[in-house]
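Peer 1: structure here, sequence nowhere to be found:
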């Protein structure tokens, strides 16, 4: 059972993730409908390397001195360990970094754990954390490396179990975002939805791709279905609002944006929505 503190951290992290995601999507200039979707996205991610030591050093600049000392000791133990002990140390470091809100080194240690103990569960965890980093980071290098590593993690997961929907969904998401051929990713996500119509992640990413490719009618249908039949989330409403706005349906856009604001209850998003609504009412 989760403690109240753990629950609070999860809620806060969720809000931060939402706002980070919304503003990482270049909200004001999200779509150029005249562009072909496939040509607008890179077919292959050519990401430079980013080492575990580098991301750990960067994260240490963002935590207290006492925490730095603790991580230095834990990392020393990790380096000296081998076999199952090394995997356990990697998982411990991943959790410790995650507890401090440092998802980048957390993802790297989850990847280390998956390399040391190859399993569907471990690769899914690594892939999910790298996708989280990709969504919230505004650093182009970190985003590129995270997408590449997420794609690799889900490729490993699919190799272990090609029928696992979480693995296929994750792989499809990375491909749609540039970690492969976007249309192949769409096909994979559609296959997931066919087998699991209420798969939230797959449906959300199909809706977002519809927006990015200028298919706003399809996006509206997708997000309305998500809201009515799967889960009414702030980001689902926000994307619905953007799709309506893009078609010039101002009142529907306003209603959706306000629902997003209401559900998120986040000052940053609220301020953005207030400005957006004021513009639409002119």
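Peer 2: That came in fine, so what should we check first? Only a predicted model underlies this, so the values are computations on that prediction, with no experimental measurement involved.

Peer 1: got the contact list for residue 122?
Peer 2: Counting by Cβ atoms under 8 Å, 6 or more residues apart in numbering, residue 122 makes contact with 110, 113, 114. For every residue, glycine as well, the C-beta is placed using N, CA and C.

Peer 1: just give me the closest of the residues you listed to residue 255.
Peer 2: Residue 255 lies nearest to residue 110 out of those, by Cβ to Cβ, at 39.8 Å.

Peer 1: and which of the contacts of residue 122 is nearest to residue 282?
Peer 2: Using Cβ to Cβ, the contacts of residue 122 come closest to residue 282 at residue 110, 47.5 Å.

Peer 1: mind checking the pLDDT average for the helix or strand hosting that closest one?
Peer 2: If you go by DSSP states H and E, residue 110 is part of helix 103-116. Averaged over helix 103-116, pLDDT sits at 98.

Peer 1: got it, and stretch 233-251?
Peer 2: 97.

Peer 1: need the contacts of residue 122 in CSV with neighbour count and distance to residue 104, can you?
Peer 2: Listed next are the contacts of residue 122 as CSV, based on neighbours: other Cβ atoms under 10 Å; distance: Cβ to Cβ, whole Å:
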residue, neighbour count, distance to residue 104
110, 29, 11
113, 24, 15
114, 25, 16
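
Peer 1: distance to residue 262 added to these, as a markdown table?
Peer 2: Below are the contacts of residue 122 laid out as a markdown table (distance: Cβ to Cβ, whole Å):
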| residue | distance to residue 262 |
| --- | --- |
| 110 | 34 |
| 113 | 39 |
| 114 | 39 |
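
Peer 1: out of these, who's nearest residue 252?
Peer 2: Distances from residue 252 to those, taken by Cβ to Cβ, are shortest for residue 110, at 40.8 Å.

Peer 1: so what's the closest one up against?
Peer 2: Contacts of residue 110 by Cβ under 8 Å, 6+ apart are 90, 91, 94, 122, 125, 126, 129.

Peer 1: now do residue 155, the pLDDT please.
Peer 2: So, for residue 155, pLDDT stands at 97.

Peer 1: can you tell me the closest non-neighbouring residue to it?
Peer 2: Of all residues not flanking residue 155 in the chain, residue 171 sits nearest, at 6.5 Å (Cβ to Cβ, 6 or more residues apart in numbering).

Peer 1: pLDDT score assigned to that neighbour?
Peer 2: 97.

Peer 1: which element is it on?
Peer 2: helix 165-176.

Peer 1: what's the answer for residue 193, then?
Peer 2: helix 182-195.

Peer 1: next one: that helix to chain centre, how far?
Peer 2: 17 Å (Cα atoms, centre = their mean, to the nearest Å).

Peer 1: cool, stretch 134-153 as well?
Peer 2: 9 Å.

Peer 1: list the buried residues in that stretch.
Peer 2: 134-137, 142-153 (16 or more other Cβ atoms under 10 Å).

Peer 1: returning to that earlier point: among the contacts of residue 110, who's most crowded?
Peer 2: In terms of neighbours by other Cβ atoms under 10 Å, the contacts of residue 110 top out with residue 126 at 29 neighbours.

Peer 1: which SSE is it in?
Peer 2: Using DSSP H and E, the element containing residue 126 is helix 120-136.

Peer 1: any idea which element residue 203 lies in?
Peer 2: Going by DSSP H and E, residue 203 is in helix 200-212.

Peer 1: just checking, what packs against the helix or strand just after that helix?
Peer 2: Downstream of helix 200-212, the next assigned helix or strand under DSSP H and E is helix 216-225. Judged by 3 or more Cβ pairs under 8 Å, 6 or more residues apart in numbering; DSSP states H and E, the packing partners of helix 216-225 are helix 200-212, helix 234-246.

Peer 1: residues contacting the first one, please?
Peer 2: Same thing as helix 200-212. Residues contacting helix 200-212 (Cβ under 8 Å, 6+ apart): 25, 30-31, 37, 40, 165, 169-170, 172-173, 176, 182, 186, 189-190, 192-193, 196, 216, 218-219, 222-223, 225-226, 230-231, 235-236, 239, 242-243, 246.

Peer 1: in it, what counts as buried?
Peer 2: Under 16+ other Cβ under 10 Å, the buried positions of helix 200-212 are 201, 202, 203, 204, 205, 206, 207, 208, 209, 210, 211, 212.
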